[in-house]
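quick check, what structure comes out for this input:
(one chain, ligands or ions: 1)
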Amino acid sequence: MSSISWDRDGLLDTKPGEETLLKHSGSLVRLLGQKNVKNLDYSEFTKPKPIGKGVTAIVYSTTSRRKYYALKSLNNNLDMDKRKLKQLSQEIINLNYVDHPNVIKLFGISREPKTSNFMLVLQYANNGSLRNYLRSKFRNGLYSISCNELYSISKGIINGLIYLHGKGIAHRNLHSNNILINDGKALISDFGIPKQLNDSSNPGAATMIAYIDPQFICKKKFDCDQKSDIYSLGVLFWELTSGIPPFHNLTMMAIYLEIISKNNRERIIEGTPPGYVDLYVKCWSFESNERPTLEIIIIKLNELEKESSDIMITNNTGVTDSDQNMNNHGASPTRQECV
Ligand SMILES: Nc1ncnc2c1ncn2[C@@H]1O[C@H](COP(=O)(O)OP(=O)(O)OP(=O)(O)O)[C@@H](O)[C@H]1O
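Numbering: from 1, shown residues only. A predicted model of the protein is given here:
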């Protein structure tokens, strides 16, 4: 993988107060060009339609030569000191280099001429984020998913992660808005683009803490690693059986108390095959060495697929359709002590 030698590649020096993405997007485009990231002509795309909003970006769908694309327009005001700029460049170079059916594809970058907005040109996922996809499965307050689909999405995420980990890339920020669904298949996206997880302007930020390795929250010098991805995976597996984000109606502080102070996890959804529960409970262990490897998880999933793929899992934790639409899911689920 091509890496950046900062002095040789020479990005502009930044002055305090001027450290925004907008100031640097020109030099970023030049640098990425030197690293074989394609610079695509914005006029080739049809009028973009907004489809999603995250902490750092607005995402649009567009077409070019009858093919769909997603344009991820990074916020011009993103704070970009030299360190963050280097991190962002390296992540885009990483994204350009990966190629796997369960990892989002980067086709290149572009800049909107009027606003100079810096954009990533990405594979378009026609079912949107996993979170929205699961939400669309609710009918009259009842969520249901077949084990066949449960295992298929789980295996898609695992296969993407095995590939990324094999390349030495830990995702570090896995949650249901960073898994996209295309034709029902899981695509891992958004690995490593710098985030402000504690950004209170993002309404979804509070629940994101529920996916983060508790070791990262408890230990000062702990950096999230591949084992941290396994923790997030456990939470995602639970979410696939419930249809709702973990601790969805609690504040960030209340989630912190549940997970860190009490070592609690979400309640198990009745009717989930015990082998699948066993798997995700091990994944979300506090101790990282108690979490299974991806290879073990895939073996277990293959076994489960043989014995229980025709079962349906349902969940009606008092969630109404209007709660779903507001992304605010009503009744508080009961919780179980983590063993
Ligand atoms: N390639 C894509 N195809 C279809 N929809 C997408 C795509 N990329 C992102 N989206 C939609 O846009 C939303 C926001 O995108 P994304 O998560 O990448 O932004 P972000 O600023 O990096 O967010 P966050 O920091 O909250 O993870 C996603 O949750 C999803 O609904």
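
contact residues of this protein facing the ligand?
Residues of the chain lying close to the ligand by C-beta under 6 Å from any ligand atom are 51-57, 59, 70, 72, 104, 122-125, 128-129, 132, 177-178, 180, 189-190, 193, 195. No exception for glycine: its C-beta is placed from N, CA and C like everyone else's.

mind doing that once more with 5 Å?
52, 54-57, 59, 70, 122, 124-125, 128-129, 177, 190, 195 (C-beta under 5 Å from any ligand atom).

have a look at the chain and report its longest helix.
Within the chain, and with DSSP state H defining each element, the longest helix by residue count is helix 147-166.

and that helix, what does it pack against?
In terms of contacts (3 or more C-beta pairs under 8 Å, 6 or more residues apart in numbering; DSSP states H and E), helix 147-166 is packed against strand 185-188, helix 226-242, helix 294-308, strand 312-315.

the residues of the chain next to the ligand: which two are farthest apart?
Within these, two members stand farthest from each other by C-beta to C-beta: Y124 and K195, at 22.2 Å.

in CSV, list the helices and strands packed on helix 147-166 along with mean neighbour count and mean pLDDT.
CSV is the format used below for these (neighbours: other C-beta atoms under 10 Å; pLDDT from 0 to 100):
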stretch, mean neighbour count, mean pLDDT
strand 185-188, 22, 97
helix 226-242, 24, 97
helix 294-308, 15, 95
strand 312-315, 17, 96
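
would you confirm that N316 contacts F138?
No: contact status for N316 versus F138: not in contact, 9.2 Å apart, counting by C-beta atoms under 8 Å.

quick check: which ranges of the stretch 151-300 of the chain have low pLDDT?
Flagging of the stretch 151-300 of the chain using pLDDT under 70 yields the residue ranges 192-207.

which one is the closest residue to the ligand within it nearest to, not counting chain neighbours?
Closest residue of the stretch 151-300 of the chain to the ligand, C-beta to the nearest ligand atom: N177 (3.8 Å). Leaving aside its sequence neighbours, N177 sits nearest to S129 (C-beta to C-beta, 6 or more residues apart in numbering; 4.8 Å).

can you pull up the bridge partners for that neighbour?
L180 (DSSP bridges).

which ones are touching the closest residue to K47 other than its chain neighbours?
Spatially, and ignoring its direct neighbours in sequence, K47 is nearest to T62 (7.3 Å; C-beta to C-beta, 6+ apart). Neighbouring residues of T62 by C-beta atoms under 8 Å, 6 or more residues apart in numbering: F45, T46, K47, P48, K49, Y68, Y69, A70, L71.

before we move on, what about F191?
Going by C-beta under 8 Å, 6+ apart, the list of residues near F191 reads E91, N94, L95, L164, I169, H171, R172, N173, N178.

can I get those in CSV with neighbour count?
CSV is the format used below for these (neighbours: other C-beta atoms under 10 Å):
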residue, neighbour count
E91, 17
N94, 19
L95, 21
L164, 23
I169, 22
H171, 25
R172, 18
N173, 21
N178, 24
